[in-house]
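In: kindly generate the corresponding structure for this input.
(chains A and B)
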Amino acid sequence: MQITFYIFGLLVIVGAAGAVSLRKPIHCALSLAVSLAAVAGHFLLLGAEFAGFAQILVYVGAVAILMVFVILLTRENTPGEGLGVGRWMIGAGVAAGVFGVIAACALASKAVWVASAQPEATARGIGEQLMGAYVLPMEALGLLLTVAGIGAVVVAMPDKKVL
Amino acid sequence: MISITHYLILSSALFCIGLAGVLSRRNAIVVLIGIELMLNAGNLNFIAFWRFGANPQPLAGVMFVIFSIAIAAAEAAVGLALIVAMYRHYKTTDLDRLSSLKG
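Out: As a prediction, the model looks like this:
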């Protein structure tokens, strides 16, 4: 478990750093897919198989590919953005400060959290919970996804067809 | 032995990389990529606390992550549709050039 944690952790960090710092947006989207797949690997390591495969299906399979298509649809003729050093200094400085605070809190807290008995997360149990205790949130989520899908189509339609 | 502290450090690093991207990039799509990275850091924390916690509710962490993934998918769809509409109107995805509301 130890060596796989560091391998996947390195992939997460390197992929994320590439996703925000590469010059061309298409490279950013592909680097994002690497990072999200490595996060799914962490889910599998932690025993959440269903969440890991849902992550691969939804994020790597749908969201990253959707971003690639949108990048294709919005190609600009102007050359890529220049590397604004001042902006990067501000952004990286703020992010480093936030990281310092969170990491200090995490390190200072007493690590009383030890891995107890491996919790069960079978697909059967998740399905029964979704149809039982979590049925109302799941219905609300279905409504949200429907509204978001219709809304996305309406927003992206050409102007003259709306109204 | 990997403890929850390792996962907290990893997810906070992921969150802060996404935050740096959101704050300093000008391309709207890359800003959306940064937001997705921050959401994933939250998901990683949910799973880590579920795995290492005392879990009185056996499946709460996984349920949170499933709902969070679905909401992030809806957010990405609407956000990308907005970017497409924005590009159609202004012919750019550069956030600095969208300054119509600037006083």
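
In: measure the residue nearest the centre of chain A to residue B:24 for me?
Out: Nearest residue to the geometric centre of chain A (Cα atoms, centre = their mean): residue A:36, 5.7 Å. Going from residue A:36 to residue B:24 by Cβ to Cβ, to the nearest Å gives 21 Å. Yep, even glycine has a C-beta here, placed from its N, CA and C like the rest.

In: helix, strand or coil for the residue nearest to the centre of chain A?
Out: Following DSSP: H, G, I helix; E, B strand; the rest coil, the label given to residue A:36 is helix.

In: skipping adjacent residues, who's closest to it in space?
Out: residue A:59 (4.2 Å; Cβ to Cβ, 6 or more residues apart in numbering or on different chains).

In: and the helices in chain A?
Out: A:2-21, A:25-45, A:49-55, A:64-73, A:85-108, A:123-131, A:135-156 (DSSP state H).

In: ugh, typo on my part, it should be chain B
Out: Under DSSP H, chain B gives helices at B:4-24, B:28-52, B:60-90.

In: residue B:67 is nearest to which of the helices of chain A?
Out: Residue B:67 lies closest to helix A:135-156 among those, at 6.0 Å (Cβ to Cβ).

In: quick one: buried residues of the closest one?
Out: In terms of neighbour count (16 or more other Cβ atoms under 10 Å in any protein chain shown), helix A:135-156 has its buried residues at A:138, A:141, A:148, A:152, A:155-156.

In: mind picking the two most distant members of those residues?
Out: The most distant members of the buried residues of helix A:135-156, if one measures by Cβ to Cβ, are A:138 and A:156, lying 26.9 Å apart.

In: how is chain A partitioned into domains?
Out: A:1-75, A:122-163 (automatic domain parsing).

In: pick the most deeply packed of the ones you listed.
Out: domain A:1-75 (a mean of 19; mean count of other Cβ atoms under 10 Å in any protein chain shown).

In: so where's chain A shaky on pLDDT?
Out: A:1, A:77-83, A:111-119, A:160-163 (pLDDT under 70).

In: related to what we said a few turns ago, turn the helices of chain B into TSV, including distance to chain A and mean neighbour count.
Out: TSV is the format used below for those (distance: least, Cβ to the nearest Cβ, whole Å; neighbours: other Cβ atoms under 10 Å in any protein chain shown):
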stretch	distance to chain A	mean neighbour count
helix B:4-24	3	23
helix B:28-52	4	23
helix B:60-90	4	19
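
In: just put those helices in JSON lines and tack on mean pLDDT.
Out: Below are the helices of chain B laid out as JSON lines (pLDDT from 0 to 100):
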{"stretch": "helix B:4-24", "mean pLDDT": "93"}
{"stretch": "helix B:28-52", "mean pLDDT": "92"}
{"stretch": "helix B:60-90", "mean pLDDT": "91"}
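
In: quick one on the thing from earlier: so which of the helices of chain A comes closest to residue B:48?
Out: helix A:25-45 (8.4 Å).

In: next, the angle from that closest one to helix B:28-52.
Out: 10 degrees (axes from the mean of the first three to the mean of the last three Cα atoms, to 10 degrees).

In: what about residue A:76, neighbour count?
Out: 14 (other Cβ atoms under 10 Å in any protein chain shown).

In: which residues are in contact with it?
Out: Residues in contact with residue A:76 (Cβ atoms under 8 Å, 6 or more residues apart in numbering or on different chains) are B:91-94.

In: now render the helices of chain A as a markdown table, adding distance to residue B:30.
Out: Shown next, in a markdown table, are those (distance: least, Cβ to Cβ, whole Å):
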| stretch | distance to residue B:30 |
| --- | --- |
| helix A:2-21 | 7 |
| helix A:25-45 | 5 |
| helix A:49-55 | 21 |
| helix A:64-73 | 9 |
| helix A:85-108 | 12 |
| helix A:123-131 | 34 |
| helix A:135-156 | 19 |
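
In: my guess is residue B:79 meets residue B:32, correct?
Out: Yes - with contact defined as Cβ atoms under 8 Å, residue B:79 reaches residue B:32; the gap is 5.1 Å.
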